[in-house]
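Visitor: Curious how this folds, go ahead:
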Amino acid sequence: MARRKRIGRWSLAVLALAGCACSSTPGATPTAVHTPARPVPTTTVPTTTTTVPPPGAATTVPIPVVQAPGWSSALTTLPPGGGFSSLSCISDTFCIATGGGTGGQAAAGATTSGAGVTVSWDGASWSEPSVYFPAPVSGPVTAPILPSLTCTLGPTCVIVDGSDHVSTGNGTDWSTPRPLETGAATVPSTAAGAGAGRGPFASVACPTPHFCAVVDNSGHATTMQGGAWGATQSLAVPPSPPAQGARTGISCPTTTFCRAVVGAAVVDWNGTSWSVEPTPWTASPAAASTGSAISCPSTTLCAIVNGSGLTYRHGNGAWSPVEAIDPHGGLDAVDCPTTRWCVASDAGGSVLTWSGGPWSPPRTVLPAPTEYPGIGTSLSCTGVHFCMVMSADGDYSTYSDS
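Guide: A predicted model of the protein is given here:
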């Protein structure tokens, strides 16, 4: 299949959780099979018959891809767009990817940006791009910049980008982006890694359609409660690295518990306020100094990946010493949909999994990005049955345990 200009970034992440009763997930040789669904019996006799619609017959029911267990080979069927930077799946027939805008080129001196777009997955194919943020005609880059996306049941999706604009929608129809309210506090000079003002990368998590939390890489945090966004709060966090290396992560298993990684700091939400806790990276000075992704399947378990390492914490205990799980390095996404299953991915297109024992060795499922190498990967799992990982170029791979 001819390579198309890609969109999207995907990161799979897996968490090594110790001390819990866990079940392993079988691994099988991955193959990508894009065929109609298995024939459905239409009689009560043991023989199987099929009902096949006539060629070209209209249908409103997507036919999911029937996939062998394990990871598919790399797929590239996304429509052309910008470098996509975020992905969210709520089932194996509903995923949204978002990107566009500067395509991660703001740090290279871009003065204008393209349109922010989304594409949706129905289990078999991707939609054409839907514009959620029109491209500015001229002037300085204002938005969108490296958008972050999360979807909950409904579906209700929220996009927040590095320019601190927010938009809500269902994957196709989007509200007009509006800037988040800026609080009275200013960003501490030690926290502004990308220069003055807000950082160019933000992360959003919405455990319900009525609550969302946002952090960005210059140390701001914001929440939406009951449909209303509050003023941003500026937090005293350690210095962040340059814009393209300052990815943040946030995870909210409930409306009263969120944990985020901002640079080298861990930031917590307790339902009423934000606080900064000591960085877990001090336990291993040789580890990378900045966390890039976090996943909390419950209020008592969280995992952070960065570089080649992972650290996790149970309850109110200390963060574990950083464990090197990926010799390739570049870990930038992790998703633990349950306390028994985690996936992690790195910028080179490899994924690692955890299902109760040691982490698996990294397995390359995507080619390394070449058009958008500075954005990283995006990862989303709906449970132990389905995951998708996507590179910034738009190559993607899905996981199934069926």
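Visitor: Tally up the residues packed near the closest residue to S273 other than its chain neighbours, please.
Guide: Nearest non-adjacent residue to S273, counting by C-beta to C-beta, 6 or more residues apart in numbering: Q233, 8.0 Å away. Backbone N, C-alpha and C define where each C-beta goes, glycine included. Residues lying near Q233 (other C-beta atoms under 10 Å) number 18.
Visitor: Now do the same for Q233: its pLDDT.
Guide: Looking at Q233, its pLDDT stands at 86.
Visitor: same check, this time on the one 4 residues further on
Guide: In the prediction, the pLDDT value recorded for V237 is 73.
Visitor: separation between the residue nearest to S273 and R178?
Guide: 19 Å (C-beta to C-beta, to the nearest Å).
Visitor: again, but for P147
Guide: Separation of P147 from R178 (C-beta to C-beta) stands at 14 Å.
Visitor: who has more neighbours, these two?
Guide: P147 (31 against 12).
Visitor: just checking, that one touches S85?
Guide: Yes - with contact defined as C-beta atoms under 8 Å, P147 counts as touching S85 (6.1 Å).
Visitor: any common contacting residues for those two?
Guide: Shared contacts of P147 and S85, defined by C-beta atoms under 8 Å, 6 or more residues apart in numbering, comprise 98-99.
Visitor: any low-confidence regions in the protein?
Guide: Counting by pLDDT under 70, the chain shows low-confidence ranges at 1-67, 79-82, 102-113, 138-143, 182-200, 238-246, 282-291, 402.
Visitor: Which stretches in the stretch 151-300 of the chain count as strands?
Guide: 156-160, 165-169, 178-179, 202-208, 211-216, 220-225, 228-229, 233-234, 249-254, 257-262, 265-269, 274-277, 293-298 (DSSP state E, counting those that start in this stretch).
Visitor: what angle do the longest one and strand 211-216 make?
Guide: Comparing the axes of strand 202-208 and strand 211-216 via axes from the mean of the first three to the mean of the last three C-alpha atoms, to 10 degrees yields an angle of 170 degrees.
Visitor: same for strand 202-208, what does it pack against?
Guide: strand 148-152, strand 156-160, strand 211-216, strand 249-254 (3 or more C-beta pairs under 8 Å, 6 or more residues apart in numbering; DSSP states H and E).
Visitor: Kindly compare burial across those and name the winner.
Guide: Compared across the helices and strands packed on strand 202-208, strand 211-216 shows the largest average neighbour count, a mean of 28 (mean count of other C-beta atoms under 10 Å).
Visitor: List of residues touching it?
Guide: 150, 158, 160, 162, 164, 166, 180, 198-199, 201-206, 220-225, 248, 250, 252, 255, 258, 260, 262, 267, 269.
Visitor: ok, it: who's next to it in the sheet?
Guide: Strand pairing for strand 211-216, determined by DSSP bridges: strand 202-208 (antiparallel), strand 220-225 (antiparallel).
Visitor: quick one: which of these is nearest Y312?
Guide: Across those, Y312 has its closest neighbour in strand 202-208 (17.9 Å, C-beta to C-beta).
Visitor: what angle separates that closest one from strand 265-269?
Guide: 30 degrees.
Visitor: Which positions in strand 202-208 come out as buried?
Guide: Across strand 202-208, burial judged by 16 or more other C-beta atoms under 10 Å covers 202-207.
Visitor: Now distance to A135 too, for the strands of the stretch 151-300 of the chain, in TSV please.
Guide: Shown next, in TSV, are the strands of the stretch 151-300 of the chain (distance: least, C-beta to C-beta, whole Å):
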stretch	distance to A135
strand 156-160	15
strand 165-169	13
strand 178-179	17
strand 202-208	20
strand 211-216	22
strand 220-225	25
strand 228-229	24
strand 233-234	30
strand 249-254	28
strand 257-262	29
strand 265-269	32
strand 274-277	33
strand 293-298	29
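Visitor: Looking at those strands, which is nearest to G349?
Guide: Once those are compared by C-beta to C-beta, strand 293-298 is nearest, at 15.6 Å.
Visitor: which helices and strands sit right next to the closest one?
Guide: strand 249-254, strand 257-262, strand 301-306, strand 331-338, strand 341-346.
Visitor: Next, find the distance separating C151 from P207.
Guide: Plainly put, C151 is 12 Å away from P207 if you go by C-beta to C-beta.
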